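**Q** Sequence and predicted structure below; questions after.
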Amino acid sequence: MCGRFTLTTDLDQVEERFSFRRTADASFTPRYNIAPSQPVLAVIKDGDERRAGFLRWGLIPSWAKEEAIGNRMINARAETIAEKPSFKRALQKRRCLVIADGFYEWKAEGKKKTPMFITLQSREPFGFAGLWETWKAPSGEAIHSCTIITTTPNKLMEAIHNRMPVILSREAETVWLDRTIDDPQKLLPLLAPYSDKEMTVCEVSLFVNSPRNDSPACIEPVQ
């Protein structure tokens, strides 16, 4: 799964990397411990241009009766998104990139769980494959939310966890955001494990366990 991640890269660099137009709310301070239910920076295709803004992490389907369902939908399995009612329509019509530059996973060793921090070797920001939805609350408020897609682990990740988030290549990002494509057979092959040769991992301290902690100390390697 993917339950925490980071985005500490300068916004100008992120904008250059993903070639998007900022919406009014697309500004942020560095985040070292982004957690479910919090706003995440996401990119969608709007006409001929890419647009970036914030979505709540935890997808609330448009037909949901209550907002709390989003707490259980922070991730979607690549193997089943084309069939599950919560995700299959979004797969066809509402795909996004959730922007990050690292993520955490906890390695289980008996009863001990050790937090590990995973990034690209280049330290560049990247895009998780995501789906988004709009849900209208009883108050009339429109809530825009998203989920991050997971897949089977690559060789680096399989020693840590049995799932990993889908990180898209630059070429795959273009296809994923293309709203003229709605055939799952063209989309599902994109949701493969990212190359382990381009990733790196280090152990970090238990400080990151609490989502209240959001500072550079979260990503400091354990000596």
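**A** Structure's in. What do you need?

**Q** Now for Ser215: which residues touch it?
**A** Tyr32 (Cβ atoms under 8 Å, 6 or more residues apart in numbering). For every residue, glycine as well, the C-beta is placed using N, CA and C.

**Q** Just name the shakiest helix or strand of this structure by mean pLDDT.
**A** strand 20-22 (a mean of 81; mean pLDDT, DSSP states H and E).

**Q** Residues in contact with the following helix or strand past that strand: which ones?
**A** Following strand 20-22 in sequence order, the next helix or strand is strand 31-34 (DSSP states H and E). Contacts with strand 31-34, where a contact means Cβ under 8 Å, 6+ apart, come from 4-8, 40, 57, 100, 104, 208, 211, 213-219.

**Q** now do stretch 139-149
**A** Contacts to stretch 139-149, defined as Cβ under 8 Å, 6+ apart, come from residues 2, 40, 42, 53, 55-60, 67, 70, 73-78, 81, 87, 96, 98, 128-137, 165-166, 191.

**Q** For ChimeraX, write the select line for the buried members of those.
**A** Here is the ChimeraX selection string for the buried members of the contacts of stretch 139-149, based on 16 or more other Cβ atoms under 10 Å:
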select :2,40,42,53,55,56,57,58,59,60,67,70,73,74,75,76,78,81,87,96,98,128,129,130,131,132,133,135,165,166,191
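
**Q** Among the contacts of stretch 139-149, which are located in strands?
**A** Among the contacts of stretch 139-149, the ones falling in strands (DSSP state E) are 40, 42, 53, 55-57, 75-77, 96, 98, 128-136, 165.

**Q** Tell me how far Trp135 lies from Arg95.
**A** Using Cβ to Cβ, to the nearest Å, Trp135 is found at 17 Å from Arg95.

**Q** likewise Phe5?
**A** Distance of Phe5 to Arg95, given as Cβ to Cβ: 18 Å.

**Q** which residues does Pro165 bridge with?
**A** Thr150 (DSSP bridges).

**Q** quick thing: my sequence starts at 8, can you match it?
**A** Noted, 8 is the first residue going forward, which turns the last one into Pro172.

**Q** quick one: it and Arg79, what's the gap?
**A** From Pro172 to Arg79 the distance is 17 Å (Cβ to Cβ).

**Q** With Phe133 instead?
**A** Counting by Cβ to Cβ, the gap from Phe133 to Arg79 is 25 Å.

**Q** So those two - more neighbours on which side?
**A** A count of neighbours by other Cβ atoms under 10 Å puts Phe133 above the other of Phe133 and Arg79, at 26 against 11.

**Q** Go ahead and confirm the more buried one touches Ala107.
**A** Yes: at 6.3 Å, Phe133 and Ala107 qualify as touching, with contact defined as Cβ atoms under 8 Å.
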